[in-house]
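Novice: please work out how this folds:
(chains A and B)
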Amino acid sequence: AQRVTQPEKLLSVFKGAPVELKCNYSYSGSPELFWYVQYSRQRLQLLLRHISRESIKGFTADLNKGETSFHLKKPFAQEEDSAMYYCALENSGGYQKVTFGTGTKLQVIP
Amino acid sequence: DSGVTQTPKHLITATGQRVTLRCSPRSGDLSVYWYQQSLDQGLQFLIQYYNGEERAKGNILERFSAQQFPDLHSELNLSSLELGDSALYFCASSPRPGLASGELFFGEGSRLTVL
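Specialist: Down below sits the predicted model:
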C-alpha cells in the first residue's frame, strides 16, 4: 500500500525566514512525487514534480529514497506563499493511483 | 472555460438519499480522477478512469459508483447517503493515465452536505 504523510497541519513562519514542509512516503516501488498547492479561492494546482528537478517560485524539493522523504523547501518565505500544500505520490505500476497527503497550511507572517 | 468543471457546486440532501456528481474534464484529457476531501482527512483517492475504462480504485465505498462516458465526462453516484459522506468531492483530469510527464488539473469541487 502507498501512503503519504505530512506531519504538520499548520506551519507558521515569518516573512524572509526559511520554509520546510515535510513529506514522507511509504511505497515499495519507485515513486513519482509531486507537490500541489492551493491558494485561497483557487483550485488545487501542481507546484513541482521531482522528476523535473525544477525550482518553482523559489521552492525546491529533493527526493531522499533512503529517508523516503520529499520535503519542500524555500530559503526565504514571502507572504504570497501562504497556502495549503499537498504532497502526492503516484505509483509506478500499471495502474496510476495518485495518493495525496493530508496537507500542510503554510502561514507566512508579515 | 476549458478547465475541469464540476456540477453541482453545492448540494444538500438527507440521509438515505442518492446523488450524482458530474465532472467534465479539460478538453482533450482522457483520464478522470475522483477524490473525497473530508475534514482532516486530506484528499482520499476514490477512483480513476481512462478513456471510459476504470484504471485504478482506491477506498471507494460499495455505496459509491462511477463511470466515464464516451464523451469523456464522468459521474460519481453516491447512494444510501450517511452523515459521514458529507465532504468536498473533487474531480481532476489529465491527458494520459500516468503523470510522470503530466499533471492533474482539478475542478473546484462539489460540496455535499448530508443532513
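Novice: strands of chain B, residue ranges please.
Specialist: B:5-7, B:10-13, B:19-24, B:31-38, B:42-50, B:53-57, B:64-68, B:74-78, B:87-94, B:105-106, B:110-114 (DSSP state E).
Novice: and residue 39, how many neighbours?
Specialist: In the absence of a named chain, this looks at chain A. Here the count is done by other C-beta atoms under 10 Å in any protein chain shown, and A:Tyr39 has 13 residues near it. C-beta here means a position set from N, CA and C on the backbone, and glycine is covered the same way.
Novice: not what I meant, chain B
Specialist: Close neighbours of B:Leu39, defined as other C-beta under 10 Å, add up to 7.
Novice: now do A:Phe34
Specialist: Neighbours around A:Phe34, by other C-beta under 10 Å: 26.
Novice: that one reaches A:Glu90, doesn't it?
Specialist: Yes: the pair A:Phe34 and A:Glu90 qualifies as a contact (C-beta atoms under 8 Å) at a distance of 7.3 Å.
Novice: just for the chain, where's the confidence low?
Specialist: Reading this off chain A. Applying pLDDT under 70 to chain A flags residues A:93-95.
Novice: switch to chain B, that's the one I care about
Specialist: Those would be B:1-2, B:98-102, if you go by pLDDT under 70 across chain B.
Novice: gap between the residue of chain B at minimum distance from chain A and B:Pro25?
Specialist: Using C-beta to the nearest C-beta, B:Gly42 is the residue of chain B that sits closest to chain A, at 3.3 Å. For B:Gly42, the distance to B:Pro25 equals 22 Å [C-beta to C-beta, to the nearest Å].
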